[in-house]
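Undergrad: I'll drop the sequence and a predicted model, then ask my questions.
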Amino acid sequence: MISDVQVLILTLSFGLMSVLLVSQILNVHAVQMTSSLVPTTGHGEVDWSAIRFLTLKYPPNSPLAQEFNGKSETVRFTMQANEDGMPQLIQAFNDAMASQKSSPVRITNASLTYTGQLRGTEDELSLSYNVQLKPSFISGVTLSSENQTADVVDLDWRSINVADSITLSTPYGDIDVNHPIGLLQANHSSVADQLMNTEASSIMADPLFNFQDIGRPMDTWHFLFDPTGSQAGAAGSGFEEIGGARVVSIYSLGESSFREGTFQETEKQASATMDGTPITVESTSPPPSAQMIIAGFSKIQKTGDTEFAVVTQEAPAGTATATGGFPVQVLLVLGGMMGAVAVFVLVKTRK
């Protein structure tokens with residue numbers, strides 16, 4: 001007879017193995033944000049991922065069909081923090097956190113990996129984007145300390161929208177890495193220019209670095225308090241005992257339920273005419289998903305629209321280990337969430 005604990009272990013193992021297998025197949029990170037924060041030092045590490053899929057439909061034998069039918073192209077490059085254009089990108093994120101959230105959090109170092117794929121047929125062009133800013137080392141996480149017994153941690157920085165064009169000098173030429181039009185700018189600049197003069201320009205210029213959905217209230221995130229840090233390590237978070245705290249608080253976003261609400265992909269569509277040819281542009285982004293790990297026991301507080309966490313080294317007596325009182329639920333949710341988003345990515349890339 002298999003016990004409940006054994007069932008949970010098997011389920012967790014299967015979920016994590018599934019995530020790893022799908023991630024290896026796709027070679028993408030389907031989570032839009034993962035972060036580890038250390039309140040005692042005021043520093044942290046954040047990875048942002050922008051994922052999107054576009055489909056441009058056109059009549060067979062049209063100029064666009066002649067341009068793209070049979071084409072299969074990949075634009076992939078990595079830029080380090082000191083390379084041309086990267087300081088401006090980091091500054092754009094910092095300006096957004098300051099102006100939109102009045103947050104003191106600042107990125108101090110980061111690299112960017114851009115992967116764009118283009119595939120054309122006689123009547124359709126598929127574009128896919130996976131832009132990763134990682135690892136992003138941040139400072140200014142801790143707002144204040146209360147009598148050296150608790151740290152107040154800023155959480156609002158997570159939901160910024162970086163709207164401006166961010167052009168980097170890449171091996172493929174100058175590319176706007178923040179807007180979908182950038183992929184076409186690499187090898188099809190004349191088509192890119194024409195598209196931006198049509199009704200589809202709003203979709204082609206819709207920022208990839210829009211993380212506003214991750215700003216959903218923290219009470220819609222699953223919570224797990226791990227008193228040993230062992231489950232954070234088992235989940236592959238890379239958590240280490242640091243800043244004097246061995247305990248860890250884990251928040252995850254992305255599972256649809258009655259308590260958390262429904263998380264769905266974002267879809268947009270526009271019809272346009274290009275050189276007398278009718279076209280349709282469709283855009284799809286996966287549902288929001290994120291994980292936040294805080295060294296210490298954290299309790300969410302809210303003042304108006306501002307959310308922050310009060311973090312102590314130890315949990316008060318009688319603290320529930322997780323949302324709903326099930327200790328490993330968050331890890332199972334995270335595994336299922338990542339698998340679900342990864343399957344979404346797999347379906348889109350194979351269309």
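TA: All right, it came through fine. Numbers count the residues shown, from 1 in each chain.
Undergrad: okay, now the unreliable bits of the stretch 1-150 of the chain?
TA: The model of the stretch 1-150 of the chain has pLDDT under 70 over residues 1-31, 146-148.
Undergrad: wait, a strand at A270?
TA: Yes - looking at A270 with DSSP: H, G, I helix; E, B strand; the rest coil, it is inside a strand.
Undergrad: check contacts around it.
TA: Under the criterion of CB atoms under 8 Å, 6 or more residues apart in numbering, the contact partners of A270 comprise 199-200, 202-203, 280-281. C-beta: built from backbone N, CA, C; applies to glycine.
Undergrad: what's opposite A290 in the beta bridge?
TA: M33, L253 (DSSP bridges).
Undergrad: that one and R158 touch, don't they?
TA: Yes - contact between A290 and R158 holds when scored by CB atoms under 8 Å: they sit 7.4 Å apart.
Undergrad: now do the shared contacts for these two.
TA: In the contact map built from CB under 8 Å, 6+ apart, the residues linked to both A290 and R158 are 33, 35, 214.
Undergrad: which residues in the stretch 51-200 of the chain form helices?
TA: Taking DSSP state H, counting those that start in this stretch, the helices of the stretch 51-200 of the chain run over residues 63-68, 86-101, 181-187, 189-195.
Undergrad: likewise for the stretch 201-350 of the chain?
TA: Taking DSSP H, counting those that start in this stretch, the helices of the stretch 201-350 of the chain run over residues 201-204, 230-234, 329-350.
Undergrad: ok so, going back, how about the helices of the stretch 51-200 of the chain, which one is nearest E307?
TA: helix 86-101 (10.3 Å; CB to CB).
Undergrad: outside of the closest one itself, list whatever touches it.
TA: Counting contacts by CB under 8 Å, 6+ apart, the residues touching helix 86-101 from outside are 79-81, 103, 105-107, 109-112, 133, 136, 156-157, 159-164, 166, 168, 177-178, 209.
Undergrad: against which helices or strands is the helix or strand hosting V46 packed?
TA: Using DSSP states H and E, V46 falls within strand 43-57. Contact analysis of strand 43-57 by 3 or more CB pairs under 8 Å, 6 or more residues apart in numbering; DSSP states H and E lists strand 33-38, strand 124-139, strand 277-285, helix 329-350 as its packing neighbours.
Undergrad: the first one vs strand 124-139, what angle?
TA: Which is strand 33-38. What separates the directions of strand 33-38 and strand 124-139 is an angle of 0 degrees, with axes from the mean of the first three to the mean of the last three CA atoms, to 10 degrees.
Undergrad: can you name every helix or strand that strand 33-38 contacts?
TA: Contacts of strand 33-38 with other secondary structure elements, assessed using 3+ CB pairs under 8 Å, 6+ apart, are made with strand 43-57, strand 290-295.
Undergrad: with just CA atoms, put that strand into CSV.
TA: The C-alpha trace of strand 33-38 is given here as CSV (Å, rounded to 0.1, in the frame of the first residue of the first chain):
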residue,chain,number,x,y,z
MET,A,33,10.2,35.8,-13.9
THR,A,34,12.2,34.0,-11.2
SER,A,35,13.8,35.9,-8.3
SER,A,36,15.8,35.3,-5.2
LEU,A,37,15.9,38.1,-2.6
VAL,A,38,18.1,38.5,0.5
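Undergrad: quick check: angle from it to strand 290-295?
TA: Angle between the axes of strand 33-38 and strand 290-295 is 10 degrees (criterion: the same axes, to 10 degrees).
Undergrad: so which bits of strand 33-38 are buried?
TA: 33-38 (16 or more other CB atoms under 10 Å).
Undergrad: what's the answer for the third one, then?
TA: Residues of strand 277-285 classed as buried by neighbour count (16+ other CB under 10 Å): 279, 281, 283-285.
Undergrad: mind putting the residues you listed in TSV, pLDDT included?
TA: Shown next, in TSV, are the buried residues of strand 277-285 (pLDDT from 0 to 100):
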residue	pLDDT
I279	97
V281	97
S283	96
T284	95
S285	93
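Undergrad: got the end-to-end distance for stretch 272-283?
TA: 14 Å (CA to CA, to the nearest Å).
Undergrad: no wait, stretch 194-211
TA: For stretch 194-211, the separation between the terminal residues is 28 Å (CA to CA).
Undergrad: quick check: buried residues in that stretch?
TA: Of the residues in stretch 194-211, those with enough neighbours to count as buried (16+ other CB under 10 Å) are 194-195, 198, 200-201, 203-211.
Undergrad: if we can go back for a sec, any idea which of the helices and strands packed on strand 33-38 is most buried?
TA: Looking across those with neighbours counted as mean count of other CB atoms under 10 Å, the highest average goes to strand 290-295: a mean of 26.
Undergrad: how far does that one sit from its chain's centre?
TA: With CA atoms, centre = their mean, to the nearest Å as the basis, the distance from the averaged C-alpha position of strand 290-295 to the chain average is 13 Å.
Undergrad: so which of the buried residues of stretch 194-211 is the closest to L143?
TA: Comparing the buried residues of stretch 194-211 against L143 with CB to CB places F211 closest, at 20.5 Å.
Undergrad: so who does the closest one touch?
TA: Counting by CB under 8 Å, 6+ apart, F211 touches 32-33, 48, 158-161.
Undergrad: roughly how far does it sit from M97?
TA: In this structure, F211 lies at 11 Å from M97, with CB to CB, to the nearest Å as the measure.
Undergrad: count of residues packed around S271?
TA: Counted by other CB atoms under 10 Å, the residues lying close to S271 total 12.
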